[in-house]
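**Student:** With the input below, show me the fold.
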Amino acid sequence: MNDRSSQGQPYTPVGLDDASTRLVLVTGPSGAGRSTAINVLEDLGYEAIDNLPLSLVPRLLDGPPRPAPLALGLDVRNRDFSASAVIELIDRLTRQPRYWAEVLYLDCDSSILVRRFNETRRRHPMAGAGAPLDGIEREKDLLAPIRVRADVLVNTSEMSPHDLKAELAQYFETDPDKRLTVSVQSFSYKRGVPRGIDMMFDCRFLENPHWHGDLRALDGRDAAVQRFVQSDDRFDEFFQRIRDLILFVLPAHLEEGKTHLAIGFGCTGGQHRSVTLAEIMSQALAEQGWQVSKRHRELERREADMAKIAESGSAPQGIRN
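**Tutor:** Next up is the predicted model:
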């Protein structure tokens with residue numbers, strides 16, 4: 001079993017050859033991200049089929065050869081779903097040379113699943129008239145034998161869809177010549193370090209725009225904030241040293257087969273200094289020819305909170321003016 005939430009090495013399926021079609025069975029508790037994972041695999045070039053009844057899977061696999069790798073979403077809500085039936089399917093596939101089968105299990109902490117169901121106001125499929133937690137624990141117990149058989153285990157508790165896409169690409173990318181992609185993220189140390197960060201840098205020693213009234217409401221995407229952060233006497237050397245280090249290690253990671261590298265910049269609030277560094281570093285790496293994506297975790301959370309306020313007409317719990 002490979003757990004991407006705790007391992008950082010690139011993954012290559014042992015035994016996969018040109019005569020075998022790669023087949024990924026995707027499952028996990030409701031709300032953990034199975035549907036998102038199916039969409040990601042489809043974007044990666046897989047023929048993706050979700051919610052297929054288990055009784056129809058053998059007929060699908062016994063058909064003509066597939067022109068592309070295949071991803072099947074297995075949902076406990078299907079009437080013929082059972083852990084024993086899934087285990088039997090896994091065992092059957094291991095004896096079938098036409099397919100190289102892997103189980104992708106999307107896991108998530110129960111408390112996070114409760115929050116997700118409460119936020120979406122959806123009823124858990126196994127809760128009935130009871131509390132969501134009852135259904136979540138019942139479903140996890142049902143899936144426990146399958147979780148043990150997982151080839152790839154991903155905990156999505158602190159992941160955004162963007163994070164999950166980057167994580168799965170490291171395992172299931174279909175283009176072996178795809179270049180290494182770099183994700184540059186900003187975050188607040190008060191909210192904890194993001195999962196999956198490969199290289200992390202602390203920006204809290206730089207002068208903080210928060211204490212300047214005309215900059216407090218802005219963020220590091222604003223030119224005025226960037227000018228202020230860059231005016232710190234320590235900024236230039238700090239930035240140059242980190243840029244040179246990253247540019248030094250990126251080719252080595254590419255040679256080792258890594259497909260994604262996550263770089264994090266953290267500060268106190270995740271609004272000014274870390275965002276500035278992420279913005280400027282992203283541009284510097286892109287100018288050197290690297291494929292770069294940006295993410296500002298705290299700004300995304302703030303924008304999501306503002307959207308909830310606009311939708312509900314009142315501030316969500318924990319938000320104060």
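**Student:** going forward, measure contacts and count neighbours with C-alpha atoms only.
**Tutor:** OK.
**Student:** Would you mark the buried spots in the lengthiest helix in the chain?
**Tutor:** Across the chain, the longest stretch assigned as helix under DSSP state H is helix 235-255. The neighbour-count check on helix 235-255 (16 or more other C-alpha atoms under 10 Å) flags 235, 250 as buried.
**Student:** Following the chain onward from it, which element is next?
**Tutor:** strand 260-267 (DSSP states H and E).
**Student:** Pull the distance from that following strand to the chain's centre.
**Tutor:** In terms of C-alpha atoms, centre = their mean, to the nearest Å, the centre of strand 260-267 is found 14 Å from the chain centre.
**Student:** Residue ranges of each domain in the chain, please.
**Tutor:** 2-160, 181-305 (automatic domain parsing).
**Student:** The last one spans what distance, first to last residue?
**Tutor:** End-to-end distance of domain 181-305 (C-alpha to C-alpha, to the nearest Å): 29 Å.
**Student:** any idea of the mean pLDDT for that domain?
**Tutor:** Domain 181-305 comes out with an average pLDDT of 93.
**Student:** show me where the stretch 151-300 of the chain has strands.
**Tutor:** When assigned using DSSP state E, counting those that start in this stretch, the strands of the stretch 151-300 of the chain occupy the ranges 152-155, 181-188, 199-202, 260-267, 291-296.
**Student:** about what we covered before: counting contacts, what elements does the longest helix of the chain pack onto?
**Tutor:** helix 273-287 (3 or more C-alpha pairs under 8 Å, 6 or more residues apart in numbering; DSSP states H and E).
**Student:** Could you tell me the angle between the helix it packs on and strand 181-188?
**Tutor:** Helix 273-287 and strand 181-188 are oriented at 170 degrees to each other (axes from the mean of the first three to the mean of the last three C-alpha atoms, to 10 degrees).
**Student:** by contact count, what packs against helix 273-287?
**Tutor:** strand 181-188, helix 223-230, helix 235-255, strand 260-267, strand 291-296.
**Student:** mind redoing it with 7 Å?
**Tutor:** Where contact means 3 or more C-alpha pairs under 7 Å, 6 or more residues apart in numbering; DSSP states H and E, helix 273-287 is packed against strand 181-188, strand 260-267, strand 291-296.
**Student:** Hmm, residue 267 is touching residue 191, no?
**Tutor:** No: with contact defined as C-alpha atoms under 7 Å, residue 267 does not count as touching residue 191 (10.4 Å).
**Student:** between those two, who's got more neighbours?
**Tutor:** Set residue 267 next to residue 191 and count neighbours by other C-alpha atoms under 10 Å: residue 267 wins out with 22 against 12.
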